[in-house]
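> here are the coordinates; sequence isn't available:
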Ligand SMILES: Cc1ncc(C[n+]2csc(CCOP(=O)(O)OP(=O)(O)O)c2C)c(N)n1
Ligand SMILES: [Mg+2]
């Protein structure tokens, strides 16, 4: 069999459904082998976007998402997407081409050492030097991509190896179960928990697994311990839960941090320091129990005293079995904080001013989207508003990146979400900066006949950096730009463009777009003038009084 045919067979055996990317001449054998396969090729207009899409497939399904590029420039375009998957814990495999390795064809033309380039960005990166190795390389790459903590892997298939013949056979996936936490470490955690006065539960990205949601819900139901989440832990439990204190969108000085300051023990389920910290550990008596698939990386802001390492769902189940609601526990202050948070989140929710205020925009989107509707965010200052103010009802319904926190992933991740969940409503929310980093993928969305809504928050600036600039006491300088006419831009792709002129019109427009076919782009003027006042000053002052 031709090596490239065997490669496709190996991917089919792994139940890969899609390959996103842009082939080059070095991938032509591979492409030809893909022709009769049940794996769908999804051409994109930039390799970075293909990588974001593949990573999102991994994030949503737990199964490796795959992307393809040529050598050199195609492969270097994967760099940001590799980091996105690696830091974000998303299983993703990149396949790149290479010139022949057995004989030189064009000197060093286009040749970059991609395998080494990928080293700091992946869990595994290998050049395939013989067709016979393909089954083991593919199996190993996928095994590692999906093993906790999931991440990026890379295989390079040189064009002469792709064309070789091989009689190697595919390798079966092994039967394997994740190891579970040792009983003694559970007992240690239980002891701390029973002795604590004000224990609080933190839910992070690693808890975003089906079984963990279920176990956590039972644990919270039994113990009544209030919880808060990181940005990437949003939706693991329905945020309408009566014990939900919301999301630590900022690292300090928000209302939720008053509860954290009051806590003497935090049970951290699934947060690791790669995600922006939901709070800072420092001096003081706060104890932290780290519950994760892997041990804690120690950091100046994170140094847990006890670790429970093993399958998270099982650890929570074991904790549930052994923990009794204790008479020491006092959650009164947490309940008080929750009341204040809930009240505060309503502020600005119906602000009629236009350009629209972020608080209103977030509430309007929540009101229009169904329970399982998905919001796929790019990176900008609005991400903080969504993390704080948007209530997620189900897991993976707010896709945001708080690990690499790259711009440009909003639209690609929405496209991948719609592919995985064709019957759900999917909205991509991007800044005018981030949208323009991968706006060419509108063509991909149109070509795939997706029903998708893209909201561009137009402030004609890199608003997030303006907000930080103000926070640092610097003058407003160097962050403004112009924009294309986004309505015409949408139309030039065959999408429909909308430009609401009032806050009220926005929510009507959104509703109409969500209920009609095709790709819709909403050019929404946004007013960020109060970001500095509210997020940098008012929250700190008002939360102090709670
Ligand atoms: C690829 C990339 N480049 C730069 C940054 C730094 N950065 C973070 S947010 C931001 C501005 C985002 O502007 P925009 O997309 O318009 O969103 P806004 O905050 O204005 O709503 C920048 C430059 C980043 N996170 N990722
Ligand atoms: Mg902007």
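Structure's in. What do you need? What you are looking at is a predicted structure, and each value in this text was computed from that prediction instead of being measured. Ligands and ions are numbered 1, 2, ... in the order given.
> from here on, contacts and neighbour counts on C-alpha atoms
OK.
> list of residues touching the strand or helix carrying residue 469?
Element membership for residue 469, per DSSP states H and E: helix 463-471. With contact meaning CA atoms under 8 Å, 6 or more residues apart in numbering, helix 463-471 is reached by 380-382, 475-476, 479, 528, 531-532, 536.
> could you give me the ChimeraX syntax to select whichever of these are buried?
Typed into ChimeraX, the line below selects the buried ones among the contacts of helix 463-471, using 16 or more other CA atoms under 10 Å:
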select :380,381,382,528,531,532,536
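> what sits against the residue lying closest to residue 237 once chain neighbours are set aside?
In space, and not counting its chain neighbours, residue 237 is closest to residue 213: 6.2 Å by CA to CA, 6 or more residues apart in numbering. Counting by CA under 8 Å, 6+ apart, residue 213 touches 207, 236-237, 313.
> pull out the buried residues from the helix or strand where residue 213 lies.
Using DSSP H and E, residue 213 sits in helix 210-223. Buried positions in helix 210-223, judged by neighbour count with 16+ other CA under 10 Å: 212-213, 215-217, 219.
> in TSV, list those along with distance to ligand 2.
Shown next, in TSV, are those (distance: CA to the ion, whole Å):
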residue	distance to ligand 2
212	36
213	35
215	40
216	37
217	38
219	41
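> any chance of these in JSON lines, with pLDDT and distance to ligand 1 too?
Shown next, in JSON lines, are the buried residues of helix 210-223 (pLDDT from 0 to 100; distance: CA to the nearest ligand atom, whole Å):
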{"residue": "212", "pLDDT": "96", "distance to ligand 1": "30"}
{"residue": "213", "pLDDT": "96", "distance to ligand 1": "29"}
{"residue": "215", "pLDDT": "98", "distance to ligand 1": "34"}
{"residue": "216", "pLDDT": "98", "distance to ligand 1": "32"}
{"residue": "217", "pLDDT": "97", "distance to ligand 1": "33"}
{"residue": "219", "pLDDT": "98", "distance to ligand 1": "36"}
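> ok so, going back, for the contacts of residue 213, which two are the farthest from each other?
Greatest spacing in these, by CA to CA: 237 and 313 (13.5 Å).
> shared neighbours, these two?
In contact with both residue 237 and residue 313: 213, 216, using CA under 8 Å, 6+ apart.
> what does the helix or strand of the chain with the lowest mean pLDDT rub up against?
Across the helices and strands of the chain, mean confidence by mean pLDDT, DSSP states H and E is lowest for helix 531: a mean of 93. Helix 531 is contacted from outside by residue 467, using CA under 8 Å, 6+ apart.
> outside of the following helix or strand past it itself, list whatever touches it.
Sequence-wise, the next helix or strand downstream of helix 531 (DSSP H and E) is helix 539-544. Helix 539-544 is contacted by residues 253-255, 258 when judged by CA under 8 Å, 6+ apart.
> which one of those residues is nearest to ligand 2?
Nearest to ligand 2 among the contacts of helix 539-544 is residue 254, at 23.6 Å by CA to the ion.
> if we can go back for a sec, if we check ligand 1, which of the contacts of helix 463-471 are in contact?
380-382 (CA under 6 Å from any ligand atom).
> possible to save those residues as CSV with pLDDT?
Converted to CSV, these look like this (pLDDT from 0 to 100):
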residue, pLDDT
380, 98
381, 97
382, 98
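> so which of these belong to helices?
residue 382 (DSSP state H).
> in three-state terms, label residue 370 for me.
Of the three states, residue 370 takes coil under DSSP: H, G, I helix; E, B strand; the rest coil.
> and the residue of the stretch 1-150 of the chain found nearest ligand 1, what does it touch?
Ranked by CA to the nearest ligand atom, the top residue of the stretch 1-150 of the chain for proximity to ligand 1 is residue 80, at 7.8 Å. Residues near residue 80 by CA under 8 Å, 6+ apart: 48, 406.
> and it, which helix or strand is it part of?
Secondary structure (DSSP H and E) places residue 80 in helix 79-88.
> and the next element down the chain from that helix?
Taking DSSP H and E, what comes next after helix 79-88 is strand 92-98.
> please identify the helix or strand for the residue in the chain sticking out farthest from the centre.
Centroid-distance maximum for the chain: residue 103 at 41.7 Å, with CA atoms, centre = their mean. Residue 103 belongs to no helix or strand when assigned by DSSP H and E.
> for residue 158, see how far away it is.
Distance from residue 103 to residue 158, counting by CA to CA, to the nearest Å: 11 Å.
> residue 393 too?
In terms of CA to CA, residue 393 sits 46 Å off from residue 158.
> got the residues of the stretch 301-450 of the chain near ligand 1?
Proximity of the stretch 301-450 of the chain to ligand 1, by CA under 6 Å from any ligand atom, involves residues 379-382, 405-407, 431-434.
> check the residues you listed and tell me the two furthest apart.
Distances among these were taken as CA to CA; the most separated pair is 405 and 432, at 16.0 Å.
> specify which residue of these two has the higher count of neighbours.
residue 432 (28 against 19; other CA atoms under 10 Å).
> element containing the residue of the stretch 201-350 of the chain found nearest ligand 2, please.
Using CA to the ion, the closest approach of the stretch 201-350 of the chain to ligand 2 is made by residue 249 at 19.0 Å. Take DSSP H and E as the rule and residue 249 turns out to sit in neither a helix nor a strand.
> test my guess that it contacts residue 388.
Yes: using CA atoms under 8 Å, residue 249 is in contact with residue 388, at 5.5 Å.
> what's the neighbour count on residue 283?
Residue 283, neighbours per other CA under 10 Å, totals 7.
> now residue 329
By other CA under 10 Å, neighbour count at residue 329 equals 17.
> three-state assignment of it?
coil.
> for it, what are its contacts?
196-199.
> mind redoing it with 6 Å?
197-198 (CA atoms under 6 Å, 6 or more residues apart in numbering).
> report the separation between it and ligand 1.
Note on residue 329: its distance to ligand 1, by CA to the nearest ligand atom, to the nearest Å, is 41 Å.
> now do residue 300
Residue 300 is 23 Å from ligand 1, by CA to the nearest ligand atom.
> residue 179 now?
The gap separating residue 179 from ligand 1 is 36 Å, by CA to the nearest ligand atom.
> quick one: end-to-end distance for stretch 484-504.
With CA to CA, one end of stretch 484-504 sits 24 Å from the other.
> contacts for it, please.
In contact with stretch 484-504 (CA under 6 Å, 6+ apart) are residues 352, 354, 356, 506, 519-523.
> could you dump the residues of the stretch 301-450 of the chain next to ligand 1 into a markdown table with distance to residue 294 added?
Compiled in a markdown table, those are given as follows (distance: CA to CA, whole Å):
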| residue | distance to residue 294 |
| --- | --- |
| 379 | 28 |
| 380 | 30 |
| 381 | 31 |
| 382 | 32 |
| 405 | 22 |
| 406 | 25 |
| 407 | 28 |
| 431 | 35 |
| 432 | 38 |
| 433 | 36 |
| 434 | 33 |
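> what's the closest of those to residue 293?
Distances from residue 293 to these, taken by CA to CA, are shortest for residue 405, at 22.8 Å.
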